[in-house]
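**Q** My questions concern the predicted model and sequence given below.
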Protein chains: 2
Amino acid sequence: MPKELSPNIQDYLKRIYELTRDGGLATTSELADLMAISPASVTNMLQKLSNTEPPYLTYTKHQGVRLTEAGRRAALKILRRHRLLEEFLVAKLGYTWDEVHAEAEILEHAMSPLLEERMDAVLGHPEFDPHGDPIPDSNLDIPVIQQTSLANLKIDQGGKILRVPHEDPQVLRYLGKCGMRPGVEIKLLSRTPYDQTMRLLIVETGEEVVIGPKLGGQITVRVG
Amino acid sequence: MPKELSPNIQDYLKRIYELTRDGGLATTSELADLMAISPASVTNMLQKLSNTEPPYLTYTKHQGVRLTEAGRRAALKILRRHRLLEEFLVAKLGYTWDEVHAEAEILEHAMSPLLEERMDAVLGHPEFDPHGDPIPDSNLDIPVIQQTSLANLKIDQGGKILRVPHEDPQVLRYLGKCGMRPGVEIKLLSRTPYDQTMRLLIVETGEEVVIGPKLGGQITVRVG
DNA sequence: ACTATTATTTAGGCTTACCTAAAAGTAGTC
DNA sequence: GACTACTTTTAGGTAAGCCTAAATAATAGT
Ligand SMILES: [Mn+2]
Ligand SMILES: [Mn+2]
Ligand SMILES: [Mn+2]
Ligand SMILES: [Mn+2]
């Protein structure tokens, strides 16, 4: 049976899950970048995780990796804890949404099943974390949400913000100040031709917000 | 400057603090027992911790160790987190007092200064944890409390329970069922001559409780 | 197709924190 | 003061998870 995975390994699996949600492969260098360690260390770990019984991922030399079902479940388990923690910190301990990711990144590895269950209960089984990411339920089922990147919005098209990137506190503080939160209705006013910078209208307040293409690609909306 | 201490080291220092609160020395084998590791490993770590700059403890070969001021502060820091966590889990997440120690033993190492501060605040700066142990304040000041072990109580002498041992869930469930909680008034009814078993009266309920000498030595009261 | 660049893997090492086995020190008993 | 039982230390070794440097594979430009 799968013994307890180390914090490192839990983070590897979570990263690989995020990188392969689109169906592709995660590469050595992407992982090395994200985790700020050397590519050699990543290769080592990927080989190790593909040789366990059962394997957590399938590894093709020089191509990349993808999670097995065992790997996906392990990733969702830690993702559930991460997102529950973020929600808990905001809802019950007065954290702002830019403070919670780093904290959850550590605490997720110290969280027992009991604590997970109690937090879930006192929060009323929340479906989304503060950044709009869905929280897998206790069976690790995670809803598939119909959504598009801001980058795909057409001029004058409106939509409701579903999720924003969650790792960078600076970005989150900026978005918060602009009123760009999950649930907020926006409308695309313009997109500059060369650098794809967007001007958005926050419908409720009438305020205008400028979002670059890199950030815009990471914000998702429901069109309509 | 003191870099971040590893979870292991934090636990070593906390254990040594507990073993030397009476002013004595902590020995290699006591620590090996408590931490369930080999004496050789303990020796190794004690030497290491006495050779840091600044040293966390003073080590005398074959005699034992005692904390330096740096060691004491590190121990109190982690003890504060441990006890705040225990209180938080009981007060805010519906834990029973026998469930919190094991959980806190892990979480204490994953707790940021910010989380410590927020928990302290939402709890209203509690002075005691669920087992009656004092929580060091944010300056690491810890109150000295006038108290005696149950073992020192004279027949017919009464007192208020101050603290109970906190590590063993079974013991805690037993004490809980008997009504032996911090704050409860008791009176010593009898003590058997050979094995020192005590019969106690819970004043409020009129119930009688039997406590052996080993457990009795770990429960403290304020006489009166 | 060849070469330059970039990505990945292999090889060899380091640190932390544990282990066992053997050596050495301490203390209590005669 | 010597013997014995017990505790502690030393010596040598392991596993994780990281590192750098060197070797190899993949990719892109001409
Ligand atoms: Mn996050
Ligand atoms: Mn993490
Ligand atoms: Mn405790
Ligand atoms: Mn601990």
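**A** Noted; the coordinates are in hand. Numbers count the residues shown, from 1 in each chain, chains lettered A, B, ... in the order given. Ligands and ions are numbered 1, 2, ... in the order given.
**Q** Please see if stretch A:213-223 touches ligand 1.
**A** No - using C-beta under 5 Å from the ion, stretch A:213-223 stays clear of ligand 1, coming no nearer than 12.8 Å. C-beta here means a position set from N, CA and C on the backbone, and glycine is covered the same way.
**Q** Next, the distance between the ends of that stretch.
**A** Length of stretch A:213-223, first residue to last, C-alpha to C-alpha, to the nearest Å: 18 Å.
**Q** May I see the buried residues of that stretch?
**A** By neighbour count on 16 or more other C-beta atoms under 10 Å in any protein chain shown, the buried set for stretch A:213-223 is A:213, A:215-216, A:218-221.
**Q** Run through the residues that contact whichever residue of chain A sits closest to chain B.
**A** Residue nearest to chain B within chain A (C-beta to the nearest C-beta): A:Ala110, separated by 3.9 Å. Shown in contact with A:Ala110 (C-beta atoms under 8 Å, 6 or more residues apart in numbering or on different chains): B:106-107, B:109-110.
**Q** Redo these as TSV? Include distance to B:Val42.
**A** Shown next, in TSV, are the contacts of A:Ala110 (distance: C-beta to C-beta, whole Å):
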residue	distance to B:Val42
B:Ile106	21
B:Leu107	24
B:His109	19
B:Ala110	24
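**Q** Name the nearest of these relative to A:Arg21.
**A** Nearest to A:Arg21, judged by C-beta to C-beta, of the contacts of A:Ala110 is B:Ala110 at 26.5 Å.
**Q** re the thing from before, give me the subset of the buried residues of stretch A:213-223 that lies in helices.
**A** In this view, the buried residues of stretch A:213-223 that belong to helices under DSSP state H are A:213, A:215-216.
**Q** from the residues you listed, which are also near DNA strand C?
**A** Filtering these for proximity to DNA strand C by C-beta under 7 Å from any atom of the strand leaves nothing.
**Q** circling back to that earlier point, by neighbour count, which of the contacts of A:Ala110 wins?
**A** Highest neighbour count within the contacts of A:Ala110, by other C-beta atoms under 10 Å in any protein chain shown: B:Leu107, with 23 neighbours.
**Q** continuing past the helix or strand containing A:Leu107, what's the next helix or strand?
**A** Using DSSP states H and E, A:Leu107 sits within helix A:100-107. Downstream of helix A:100-107, the first helix or strand assigned by DSSP H and E is helix A:113-122.
**Q** what mean pLDDT does the following helix or strand past that next one have?
**A** Using DSSP H and E, the helix or strand that follows helix A:113-122 in sequence is strand A:148-149. The predicted model assigns strand A:148-149 a mean pLDDT of 94.
**Q** And the contacts of strand A:148-149?
**A** Identification of contacts with strand A:148-149 by C-beta under 8 Å, 6+ apart yields A:159, A:216-223.
**Q** Now do the contacts for A:Gln218.
**A** With C-beta under 8 Å, 6+ apart, A:Gln218 has these contacts: A:149, A:164-165.
**Q** tell me the contacts of A:Ile106?
**A** Contacts of A:Ile106 by C-beta under 8 Å, 6+ apart are B:110, B:112.
**Q** contact partners of the lowest-mean-pLDDT helix or strand in chain A?
**A** Across the helices and strands of chain A, mean pLDDT, DSSP states H and E gives its lowest value to helix A:213-216, namely a mean of 92. Helix A:213-216 is touched from outside by A:149-151, A:165, A:171, A:195-198, with contacts defined as C-beta under 8 Å, 6+ apart.
**Q** And the pLDDT at A:Pro143?
**A** 92.
**Q** what's the distance between it and ligand 4?
**A** Plainly put, A:Pro143 is 36 Å away from ligand 4 if you go by C-beta to the ion, to the nearest Å.
**Q** Tell me, how many residues neighbour that residue?
**A** 11.
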